[in-house]
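J.: I would like to see how this sequence folds:
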Amino acid sequence: MKSEATCKDALLYLFQNDTETSLKALDAFGKVPPGVLVGNTAWWGDYDECTAIEGFKYCSVNLQINASTNGLSSATLDLPDYGLCAPNVCSENDIIYNIDTLTSLLPSLSWLSLGNPTAKSVHCQEQKPLDDGLICFMSLCIVIILLMLAGAAVDIFQSHKKRKSNQMTMSSTVRSPASRTYNSFGKDKEVGASYIPDEEKPLLANTTSNGAVTDTISNGAHNRNGTAITTQIPQEGSKSSLFQEILLCFAFNRNLRKLLDTKQSDKSIGCLNGIRVISISWVILGHAYFFSLFPNPENKLQLLSQPANFFYQAVGNAFLSVDTFFFLSGFLVAYLTLAKMKESDGKIPLALFYFHRIWRLTPLYAFVILFSIFAFPYFGNGPIWYIAQNQLSKGCRKYWWRNLLYINNFFPAGEQCLLWSWYLSNDMQFYLISPLLLFPIFWSQAIGLCVITALLLVSFVVTATLIGYYDLTTNLYGILESLVSALSASDSADFFSLVYQKPYCRIAPYLVGFVVGYFTLKQVTERRKIRISPVRVAIGWTLASVVGITVVYGTYPSFQAGLLQDGWSTTENVFYGTFSRFAWALSISWVVLACHYGYGGWVNDFLCWSLWTPLSRLTYSAYLVHGLIYYFYYLSLTSPFHGSSAVFVFIFCATLMLSYAAAMLFSLAIEYPFANLEKILLRGTGIRKRQNTDPASGRIDNGDQSSNKSGNIP
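T.: The predicted structure is shown next:
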């Protein structure tokens, strides 16, 4: 009580004295803004002015007011972030206790006292001290940077030594230019040689069993088969070591060269690269609108009414891009893994199969979680920055283990770390059950297709039952209602938690992709020429376009009933929620097949553009970090956000570029080094693993296309 009395005395002094400090503090208080009747409840005050006053601190109060006493409505008026400039002697509990005094003394807010204001919570901004977690995380970052620099230094030294040794060899050996084979660092390209992706090259030069680095030269002679007879020439003073190889795994110059390589193998399905990049861009576009609702924008009702605009459906339904990634995941798992099974008589080394997947995904995922817990809270400040601290830092501190076990999609939205990471759990779960699809379809096409059809029907029935039983809204408003439910810790049923993030409701596009991948591989192995008449090609493109456009824009009527009102009946919600993603996958399957078999025209030319190749390797990293960039922008605002179409365009473009820039740094520091380390680990097991011949980029990942080099994962 003494503390509360001291705070009350300080507040009374503040209001009853016309000093310069008092006037500045009162000026920084939140006041009634224009647009209250159309939903403007962002009464933040002036954060910068308050924090510049010595002896005062900015506090954000969640106020609840009985608005009926003020003639506004019969409902309760919520002011989730009312700004106060309070004396430092006032604690958060003191402000809750003295809220009546505050609202009655400030003339511009005295009308609030008529509504019996209640402070539900208070968050006062204070300088966050450095903790041990941040120090440890920064130490980890420094170690990684040093490894990257040391690896680059070793690479440069080895390259210089290699060139010098080659020059000495060239001076004493007559060589045929067409048979030169000593290119171990990608510096000297062969005349007439085929393209070999960097991932298939060893970390060091050719090595003997004792670790000595050798050079392969030709003496100009050929054996009976016409193959050049070569000789291994030891490089003087060169000897590889495990330590050198580990350092080279982190060499940023080597990894950057791999990342920026635009070459693809002749057998690649190049259109997949363009589809990946466009899909991740669509995800980021949709989230530009979704994340804008976090900071309680001053034109909130106007933003919430945007989905009623016909052309806005492409933004509101950007979530379909995730189903494109599910399709690609199923396609590549079937296409690549079944090809390897044909080489191994139907066997899959399951331990390696799962290890590879976890090894490629988890290190970067864990690093981003660590960044969110220990470093991200220090990146910003502002009236609502506490949301970032609560939902990211504290949420990840409590629930990080669910993410790393890939089970976070089985928990409510309000109990998740990195809300957008639900996709990774779904994709991992699909991968875990993929052998149940691979083995049957490998040994019997009929049995395999029956299993897939059964899973598809079960998914349809479960999805339809959940939507119908709980009468869920399946359009964008359903997801927004889920967000409100999560933030308010409500136990009510919501579309996101029950359907949207559940694997048994999202597996349909994955199964479609799996079947398409199977038949694409079957055509390749049987060497059948696919010929389609121009009329059928036109029909295929027309149907695919109509289906895709219908799925995207078909939700328009559901938004015409009014703000946050569902204009669909239960039957319509069940039908759209059950079959829309399946139909979208069918539309994407035509695009992939038509482009692959030469019926894509300018669409294929665009999707196969070489620029997409390096960008497609960054989609996984970009997906992980783009949400943090949106959090940083929206939650570090010091004045209320006012959204518009023009503003969203600029925010989207900036976030897209920043996401790729951050993704490049994260990939070079974490993802590529761990992919390289995997080669060393597998070599130690005696397993000779063909690295990466992804049909989209000339690489194989054991059926896993989620890495930066071949990701089916955004």
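J.: Confirm residue 83 sits in a helix?
T.: No: under DSSP: H, G, I helix; E, B strand; the rest coil, residue 83 sits outside any helix and is assigned strand.
J.: out of everything not next to it in sequence, what's closest to it?
T.: Nearest-residue entry for residue 83: residue 45, 3.1 Å, with adjacent residues in sequence omitted and distances by C-beta to C-beta, 6 or more residues apart in numbering. Placement of C-beta: from N, CA and C, glycine included.
J.: Now do the SS call for the one you found.
T.: Secondary structure of residue 45, per three-state DSSP, is coil.
J.: need the contact list for it.
T.: 28-31, 58, 82-85, 383 (C-beta atoms under 8 Å, 6 or more residues apart in numbering).
J.: how far is the helix or strand harbouring residue 368 from where the chain is centred?
T.: Using DSSP states H and E, residue 368 sits within helix 350-370. With C-alpha atoms, centre = their mean, to the nearest Å as the basis, helix 350-370 stands 15 Å off its chain's centre.
J.: In the protein, which helix is the longest?
T.: Longest among the helix segments of the chain by residue count, using DSSP state H, is helix 132-172.
J.: which residues of the stretch 451-600 of the chain fall in helices?
T.: 476-487, 495, 503-506, 508-526, 534-553, 570-596 (DSSP state H, counting those that start in this stretch).
J.: circling back: the helix holding residue 368: which residues count as buried?
T.: 353-365, 367-370 (16 or more other C-beta atoms under 10 Å).
J.: next one: phi and psi at residue 56?
T.: phi -130, psi 160 (degrees, to the nearest 10).
J.: how about it, what does it touch?
T.: 21, 25, 28, 50, 85-88.
J.: hmm, which of those residues are the buried ones?
T.: Buried, going by 16+ other C-beta under 10 Å: 25, 28, 50, 85-87, out of the contacts of residue 56.
J.: Could you list which of those residues belong to helices?
T.: Using DSSP H, the buried ones among the contacts of residue 56 in helices are 25, 50.
J.: ok, of the buried ones among the contacts of residue 56, which one's closest to residue 617?
T.: residue 50 (45.6 Å; C-beta to C-beta).
J.: List the contacts of the closest one.
T.: 25, 28, 56-58, 83, 85.
J.: got a pLDDT number for it?
T.: Residue 50 carries a pLDDT value of 93.
J.: how about the nearest residue to residue 6, chain neighbours excluded?
T.: Closest to residue 6 by C-beta to C-beta, 6+ apart is residue 89, at 5.5 Å.
J.: Give me the neighbour count for that neighbour.
T.: 14 (other C-beta atoms under 10 Å).
J.: mind checking how far it is from residue 119?
T.: Per C-beta to C-beta, to the nearest Å, residue 89 is found 18 Å from residue 119.
J.: Likewise for residue 329?
T.: Relative to residue 119, and taking C-beta to C-beta, residue 329 is found at 48 Å.
J.: for this protein, which spans come out with low pLDDT?
T.: 1-5, 66-77, 106-116, 169-240, 486-492, 684-714 (pLDDT under 70).
J.: Strands of that one, start to end?
T.: Along the chain, the segments classed as strands by DSSP state E run 56-66, 76-87, 118-124, 212-222, 228-239.
J.: who's in contact with stretch 395-407?
T.: So stretch 395-407 is contacted by 362, 365-366, 369, 372-373, 408, 411, 415-418, 421, 424-425, 428-429 (C-beta under 8 Å, 6+ apart).
J.: Any buried residues in that stretch, and which?
T.: 395-396, 399-400, 402-403, 406.
J.: Quick check: phi and psi at the residue nearest to residue 83.
T.: Dihedral angles (degrees, to the nearest 10) for residue 45: phi 80, psi -160.
J.: Among the buried ones among the contacts of residue 56, which pair sits farthest apart?
T.: 28 and 87 (12.3 Å).
J.: Pull out the buried residues from the contacts of stretch 395-407.
T.: Of the contacts of stretch 395-407, these count as buried by 16+ other C-beta under 10 Å: 362, 365, 369, 372-373, 408, 411, 416-418, 421, 424-425, 428-429.
J.: from those residues, which is closest to residue 129?
T.: residue 373 (15.6 Å).
J.: list the contacts for the closest one?
T.: Contacts of residue 373 (C-beta under 8 Å, 6+ apart): 133, 392-393, 396-397, 400.
J.: Please apply the same query to residue 580.
T.: 320, 474, 551, 554.
J.: Please report how far residue 162 lies from residue 155.
T.: In terms of C-beta to C-beta, residue 162 sits 10 Å off from residue 155.
J.: same deal with residue 44?
T.: Relative to residue 155, and taking C-beta to C-beta, residue 44 is found at 51 Å.
J.: between the two, which one's more packed in?
T.: Using other C-beta under 10 Å, the more surrounded residue of residue 44 and residue 155 is residue 44, with 26 against 23.
J.: Quick check: the more buried one touching residue 383?
T.: Yes: contact criterion C-beta atoms under 8 Å: residue 44 and residue 383 qualify, at 4.6 Å.
J.: Spell out which residues are contacts of both of those two.
T.: 60, 81, 83, 638.
J.: Going by neighbour count, which of those residues comes out on top?
T.: Busiest of the shared contacts of residue 44 and residue 383 [other C-beta under 10 Å] is residue 60, holding 25 neighbours.
J.: which residues sit in contact with residue 308?
T.: Counted by C-beta under 8 Å, 6+ apart, residue 308 has contacts 559-560.
J.: and with 10 Å instead?
T.: Going by C-beta atoms under 10 Å, 6 or more residues apart in numbering, residue 308 touches 316, 556, 558-563, 567.
J.: Please tell me which one of the residues you listed counts the most neighbours.
T.: residue 559 (25 neighbours).
J.: how close does it get to residue 12?
T.: 50 Å.
J.: go on, residue 167?
T.: 86 Å.
J.: Between these two, which has more neighbouring residues?
T.: Of the pair residue 167 and residue 12, residue 12 is the one with more neighbours under other C-beta under 10 Å, namely 13 against 9.
J.: The more buried one contacts residue 101, doesn't it?
T.: Yes: between residue 12 and residue 101 there is a contact under C-beta atoms under 10 Å: 7.5 Å.
J.: how about the helices of the stretch 201-350 of the chain, start to end?
T.: 242-249, 252-260, 271-292, 300-304, 313-316, 320-343, 350-370.
J.: what packs against the last one?
T.: Helices and strands touching helix 350-370, by 3 or more C-beta pairs under 10 Å, 6 or more residues apart in numbering; DSSP states H and E, are helix 132-172, helix 320-343, helix 395-404, helix 422-433, helix 435-443, helix 619-635, helix 645-666, helix 672-684.
J.: try it again with 7 Å
T.: Helices and strands touching helix 350-370, by 3 or more C-beta pairs under 7 Å, 6 or more residues apart in numbering; DSSP states H and E, are helix 395-404, helix 422-433, helix 619-635, helix 672-684.
J.: same deal with the second one?
T.: The elements that helix 252-260 packs onto, with contact taken as 3+ C-beta pairs under 7 Å, 6+ apart, are helix 132-172.
J.: How about the shortest one?
T.: Identification of packing neighbours for helix 313-316 by 3+ C-beta pairs under 7 Å, 6+ apart yields helix 271-292, helix 534-553.
J.: Buried residues in it, which are they?
T.: Neighbour-count burial for helix 313-316 [16+ other C-beta under 10 Å]: 313, 315-316.
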